[in-house]
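Q: compute the structure for the input listed below.
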Amino acid sequence: MTRTDTLVDNLKRALGAKAAGVTVALGEVTIVVGAADHHDVALVLRDDPNLGFEQLIDLCGVDYQGYGNGAWEGRRFAVVMHLLSIAHNWRVRVRTFCPDDELPLVASVTDVWNCANWFEREAFDLFGIVFEGHADLRRILTDYGFVGHPFRKDFPISGYVEMRYDPEQKRVIYQPVSIEPREVTPRVIREENYGRG
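A: The predicted structure follows:
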């Protein structure tokens, strides 16, 4: 039995029905959990001695709108956590889909791993995912007056407003975007030896 097999068995034993799916791809283990179980699963992953995921490496939001060229039929937003067990020397990815596309919401895990604080604020700022129970959920990368969430797939590339310094008012002002919207089509190079010496 490999270390990955042991991890998968330990996850299934500890989480039971709370693990909606456990997959292994390219040697990496991913579990999918329901939004209602998000916080409880985080506690089990940290506290179960056979798992021991004491460190949250990363937490991010994902927007699946248009994923797979429109073939995706699942929920739009997900929260993905990457966890590390130093004691057991293994990692796991935890994916939780938000049940409501209009108001994506999951429980905060800042009381489980306090480093989740800024990660959750970033996912809120860039994707609009709300973390219920977060003590200070506010923007962290964009300006407090920023409109929208720039990592959502439907956010326009040029944004909604632009800012500039106005010498007459002696301050920064916001104004409507002056750039004409255009479709950006990537240039595909199909030369066999392109980029080689």
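Q: against Glu122, how distant is the most centrally placed residue in the chain?
A: Of all residues in the chain, the one closest to the mean position by C-alpha atoms, centre = their mean is Gly61, 1.8 Å from it. Separation of Gly61 from Glu122 (C-beta to C-beta, to the nearest Å) stands at 8 Å. Where you see a C-beta, it was placed from the backbone N, CA and C, and this is true even at glycine.
Q: would you mark the buried spots in stretch 24-39?
A: Residues Val29, Ile31, Val32, Val33, Gly34, Ala35, Asp37, His38, His39 are the ones in stretch 24-39 that count as buried (16 or more other C-beta atoms under 10 Å).
Q: so for Asp48, what's the nearest residue that isn't a sequence neighbour?
A: Counting by C-beta to C-beta, 6 or more residues apart in numbering, Ala14 is the residue found nearest to Asp48 once chain neighbours are left out, at 4.6 Å.
Q: make sure the one you found is indeed in a helix.
A: Yes - the assignment for Ala14 (DSSP: H, G, I helix; E, B strand; the rest coil) places it in a helix.
Q: quick one, what contacts it?
A: Contacts for Ala14 (C-beta atoms under 8 Å, 6 or more residues apart in numbering) come out as Val44, Leu45, Asp48, Asn50, Leu51.
Q: now flag whichever of the residues you listed is closest to Ala87.
A: For the contacts of Ala14, the minimum distance to Ala87 (C-beta to C-beta) is 9.5 Å, reached by Leu51.
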